[in-house]
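Colleague: sequence and predicted structure are below.
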Amino acid sequence: MNRFFKTTTDFRPLFTLGFLVALIVLFTVLEPNFLASGNLRSIAFSLSVTLVAACGAALIILMGSIDLSVGAVASMSGMVAAVLSPDLGYAVFLVGPVVGLLCGAVNGVLYVWLKIPSILMTLGMATTLSGLVLYISDGQSIPILDDRLVAVTHAGPFNATPIIIVYSLAVFFAAVLLHEKTRFGRILFAMGRDEATVRLLGAPIDKVKIAAFAFSGLFAGIAGTLLMSRLGTGAATMGNYLMLETITAVVIGGTAITGGSGAVRLTILGAAIIAVLSNGMNVITLHPYIQTVVKGLAILLAVYVTSRHLKAEDIK
């Protein structure tokens, strides 16, 4: 039984952390202004939204499924918050996450009831939500007229540390506790290793699946609402980039795409690598097409390292 509830080993975080440090050193050498407060602020903004959304994606991947609707849920949540912001004010920071939670719960219920593979189920949901958000906004951006709502994510004690990073870290630590300190998290992880065995042990598999997708939607809703505040507008496609970026962050962090190996806590390293890599390539003005190539190679490297680790575990 112990093998079903094991989380992660020590070498992957060290390898990923070393890669992150190497990236920072490389970009600092190539562009000394890389560590300037203004650029660090840009990295913090990018890291924050990706990290929050990736926490939910990690829960889904750990149980051996995948959620392609993260970006669309974030866009829907941010757009609804933007539309309601003139009437609700600060309350939209609660409305957005609730919208995400409801979208995620629908994902989970349909996934369990219809027995459709998660990649197809969530792709259909993503397409549906993308159409709905375009209809709600009539294809137009919705500006946030209340400067106080924008200041919620932009304010901060130092130039390099916008307050949004504090929010994202709070969500991250909550997700780590959810995964590592609750029965839900232990069952979720065990399902990724051997769902059939966990079902035979009497675990409430279907309830855990629905809850996992609900949490994924909640985190995507929080990310979309923060993104709305960060951009100062609600746009129909503003969260679309999160669909692949969150999965990339989870995999680069060291969580196996097949589930049952890794941990939510590793996701912060993957999200940081993506933020630093994307920002650094922009700072050194690397050609956009080459940037895509580099990101693809980084994903391949992460998958290779993780697969080697899993083979080593099987041998043991």
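Modeller: Structure's in. What do you need? Note that the structure is a prediction, hence the values are computed from the model and not measured.

Colleague: strands of the stretch 51-200 of the chain, start to end?
Modeller: 142-143 (DSSP state E, counting those that start in this stretch).

Colleague: list the contacts of residue 114.
Modeller: Going by Cβ atoms under 8 Å, 6 or more residues apart in numbering, residue 114 touches residue 121. Where C-beta positions appear, they are placed from N, C-alpha and C, glycine not excepted.

Colleague: how near is it to residue 121?
Modeller: 7 Å (Cβ to Cβ, to the nearest Å).

Colleague: next: residue 53.
Modeller: Looking at residue 53 against residue 121, where the rule is Cβ to Cβ, the gap reads 18 Å.

Colleague: so between those two, which is more surrounded?
Modeller: It is residue 53, of residue 53 and residue 121, that has more neighbours when counted by other Cβ atoms under 10 Å, with 36 against 23.

Colleague: output stretch 256-276 in PDB with nothing but the alpha carbons.
Modeller: Extracted as PDB, the C-alpha positions of stretch 256-276 are listed here (Å, rounded to 0.1, in the frame of the first residue of the first chain):
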ATOM      1  CA  ALA A 256       4.700  12.800 -14.700                       C
ATOM      2  CA  ILE A 257       2.100  13.500 -17.400                       C
ATOM      3  CA  THR A 258       0.800   9.900 -16.900                       C
ATOM      4  CA  GLY A 259       0.000  10.700 -13.200                       C
ATOM      5  CA  GLY A 260       1.000   9.100  -9.900                       C
ATOM      6  CA  SER A 261       4.400  10.700  -9.700                       C
ATOM      7  CA  GLY A 262       5.400  14.200  -8.700                       C
ATOM      8  CA  ALA A 263       3.700  16.700  -6.400                       C
ATOM      9  CA  VAL A 264       1.900  20.000  -6.500                       C
ATOM     10  CA  ARG A 265       4.800  21.700  -4.700                       C
ATOM     11  CA  LEU A 266       7.100  21.000  -7.700                       C
ATOM     12  CA  THR A 267       4.800  23.200  -9.900                       C
ATOM     13  CA  ILE A 268       6.300  26.400  -8.500                       C
ATOM     14  CA  LEU A 269       9.600  25.500 -10.100                       C
ATOM     15  CA  GLY A 270       8.100  24.700 -13.400                       C
ATOM     16  CA  ALA A 271       6.100  28.000 -13.400                       C
ATOM     17  CA  ALA A 272       9.200  29.900 -12.500                       C
ATOM     18  CA  ILE A 273      11.200  28.300 -15.300                       C
ATOM     19  CA  ILE A 274       8.500  29.200 -17.800                       C
ATOM     20  CA  ALA A 275       8.300  32.800 -16.500                       C
ATOM     21  CA  VAL A 276      12.100  33.300 -16.500                       C
END
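
Colleague: show me what counts as buried in that stretch.
Modeller: Judged by neighbour count using 16 or more other Cβ atoms under 10 Å, the buried positions of stretch 256-276 are 256-257, 259-276.
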